[in-house]
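Peer 1: Just the structure for this:
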Amino acid sequence: MAKITKLYDTPPYQEQDGGMDDYKKKLFRHRAGRGAKYLIGAVVVLCGFLAYSICSQNKTYMSYETVSTVEHSSTVNTLYTEYNGKLLKYSKDGISCIDSQNEAIWSQTYNMQNPMVDICEGAVAVADQQGNIVYVFDAQGAVTEISTLLPIQQISVSAQGVTAILLNDSTVSWIYLYDKEGNKLAESRCSLDETGQPISIALSPDGTKLAVSYLQVQEGSAASCVVFYNFGSVGSNFVDKIVSSKVYTDTVIPRIRYIGKSICAAISDQEIIYYEGAEIPEEKNTVILDAEIESVFWGDSRVGIVTLGDDTTAENEEEAGRYRVNLYDTSGKQILSRKTDLEYSQVKLSGKYLILYNENECEIYNEKGILKYKGSFDSVIADLYKGNGHNKFVLVFSDRTETIRLQ
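Peer 2: Got it, this is the predicted structure:
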């Protein structure tokens, strides 16, 4: 039989992986390259944003543009204070909460000779100092009216609307505590011979603790006693609900205030005293003040002190100034210190900005103490506060409200 010779042999089938591997490698390199481009782009954008933020934080603006103007009219004795991003406008005839467009959110008429205001978060209390009437509002304007028989010296309101009222008589003083409906919760009788004369009160944000600074006379010298009352379940285990107290000899403490849920600050002419405790506040820290106090102001978790500056120690122009403004946090750490020559009439914290102004001039600093703007205006400034938006501020004059942008 003849032998058949194959012209070629077909090799067994084998899967050809080389082409597919090359394709996958190219696809991976393509995607990796595209991802790297995106990453580099994101880094560039982030670096640009950080550079802009740093530049913006350190920049001092020389002018401003007026974004909007709203005309209005106010009486000569109208006062303003910032409230939850809005403005409280009050006078002898009434109080109203208005926005930057001068639109009233709520209002209340009354007749007071010397209105004073206290604010805690969304709660507002307005009282007639040396008068006999108190109004308490919430963010929606709901009102509680409280009448007293004795002249009102001071008020302090909590976030829930619980209100403490310090009343003065010729021989004794009384401290009353009312709930948000106006019902009396507690009272305390005070006299110089027994407890001392109460000169400052501060209610905690939750309305359960009351700090009182009493002026006492010990061995012919003035002294202060800071007392904490607890009106909650813990306080019921203590006599007269007094959970802690401390006497400071040769010291007068005319100011005391809660600057946090459980942190209170008392200010004498020599130091800032910090107390802390959710139920039983105790002294935690002190800050010694080495210069005469000119002004005290408060912010969210902040204590502000203005003292007389010392130009003789200034090494450069930035350190020169008649006044020094210091800002402290809840632990007593100094977070800002600046000198200024501005003859201010008001100093305040608005958002993260320190603002000083008088009738026609202002200075605005950021939280790092960098001067953001210094300028003057043709009209008398009634109020100045941080507005909504980057570098926006709201200027209130007697006849108009202007929203400005620093530039």
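
Peer 1: following the helix or strand where E145 lies, which helix or strand shows up next?
Peer 2: Assigned by DSSP states H and E, E145 falls within strand 143-147. Where DSSP H and E defines the elements, the next helix or strand beyond strand 143-147 is strand 152-157.

Peer 1: Pull out the CA atoms of that following strand and give them to me as PDB.
Peer 2: The C-alpha coordinates for strand 152-157 follow below in PDB (Å, rounded to 0.1, in the frame of the first residue of the first chain):
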ATOM      1  CA  ILE A 152     -34.600  94.900  88.300                       C
ATOM      2  CA  GLN A 153     -30.800  95.000  88.400                       C
ATOM      3  CA  GLN A 154     -29.700  92.200  86.100                       C
ATOM      4  CA  ILE A 155     -31.100  89.300  84.000                       C
ATOM      5  CA  SER A 156     -29.700  86.100  82.700                       C
ATOM      6  CA  VAL A 157     -31.500  83.800  80.300                       C
END
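
Peer 1: so it versus strand 143-147, what angle?
Peer 2: Strand 152-157 runs at 150 degrees relative to strand 143-147, counting by axes from the mean of the first three to the mean of the last three C-alpha atoms, to 10 degrees.

Peer 1: So in that sheet, which strands flank strand 152-157, and in what orientation?
Peer 2: strand 163-168 (antiparallel) (DSSP bridges).

Peer 1: quick one on the thing from earlier: name the helices or strands packed onto the strand holding E145?
Peer 2: With contacts taken as 3 or more C-beta pairs under 8 Å, 6 or more residues apart in numbering; DSSP states H and E, strand 143-147 sits against strand 133-137. Placement of C-beta: from N, CA and C, glycine included.

Peer 1: Just checking: what are the partner strands of the strand it packs on?
Peer 2: strand 123-128 (antiparallel), strand 143-147 (antiparallel).

Peer 1: Tell me which residues are up against it.
Peer 2: By C-beta atoms under 8 Å, 6 or more residues apart in numbering, the residues outside strand 133-137 that reach it are 95, 97, 106, 108, 110, 112, 123-128, 143-148, 152, 155, 157, 161, 163, 165, 180, 182.

Peer 1: Quick one: the strands paired with strand 133-137 as TSV, columns for mean pLDDT too.
Peer 2: Formatted as TSV, the strands paired with strand 133-137 follow (pLDDT from 0 to 100):
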stretch	mean pLDDT
strand 123-128	98
strand 143-147	95
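
Peer 1: Mean neighbour count, those strands: which tops it?
Peer 2: The highest average neighbour count among the strands paired with strand 133-137, using mean count of other C-beta atoms under 10 Å, belongs to strand 123-128 at a mean of 24.

Peer 1: Just confirm H30 is within a strand.
Peer 2: No. Counting by DSSP: H, G, I helix; E, B strand; the rest coil, H30 falls outside a strand, being helix.

Peer 1: Distance across stretch 364-377, terminal residue to terminal residue?
Peer 2: Taking C-alpha to C-alpha, to the nearest Å, stretch 364-377 runs 14 Å from one end to the other.

Peer 1: where along the stretch 301-407 of the chain do the helices fall?
Peer 2: Taking DSSP state H, counting those that start in this stretch, the stretch 301-407 of the chain contains no helices at all.

Peer 1: sorry, back to before: kindly export the strand holding E145 (C-alpha atoms) in CSV.
Peer 2: These are the backbone C-alpha positions of strand 143-147, laid out as CSV (Å, rounded to 0.1, in the frame of the first residue of the first chain):
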residue,chain,number,x,y,z
VAL,A,143,-43.2,85.8,74.3
THR,A,144,-43.4,85.3,78.1
GLU,A,145,-44.0,88.4,80.2
ILE,A,146,-42.7,88.5,83.8
SER,A,147,-43.6,91.3,86.3
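
Peer 1: mind showing which ranges of the protein have poor pLDDT?
Peer 2: Low-confidence segments of the chain (pLDDT under 70): 1-20, 27, 36, 38-39, 41-57, 311-319.

Peer 1: Could you rerun that using 80?
Peer 2: 1-58, 75-76, 310-320 (pLDDT under 80).

Peer 1: rewinding a little: adding distance to S221, write the strands paired with strand 133-137 out as CSV.
Peer 2: CSV is the format used below for the strands paired with strand 133-137 (distance: least, C-beta to C-beta, whole Å):
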stretch, distance to S221
strand 123-128, 33
strand 143-147, 37
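
Peer 1: Please name whichever of these is nearest to T401.
Peer 2: Among these, strand 123-128 comes nearest to T401, with 19.8 Å by C-beta to C-beta.

Peer 1: which residues make contact with the closest one from outside it?
Peer 2: Under C-beta under 8 Å, 6+ apart, the answer for strand 123-128 is 83, 88, 90, 95, 97, 110, 112-119, 133-138, 152, 155-161, 163, 165.

Peer 1: Would you pull up how far that strand lies from the middle of the chain?
Peer 2: 18 Å (C-alpha atoms, centre = their mean, to the nearest Å).

Peer 1: circling back: list buried members of the contacts of strand 123-128 by neighbour count.
Peer 2: 83, 88, 90, 95, 97, 110, 112, 115-119, 133-138, 152, 155-161, 163, 165 (16 or more other C-beta atoms under 10 Å).

Peer 1: P198 versus R255, what's the distance?
Peer 2: 13 Å (C-beta to C-beta, to the nearest Å).

Peer 1: Neighbour count: these two, which is higher?
Peer 2: P198 (24 against 17; other C-beta atoms under 10 Å).

Peer 1: so where does that one fall, helix or strand?
Peer 2: Using DSSP H and E, P198 sits in strand 197-203.
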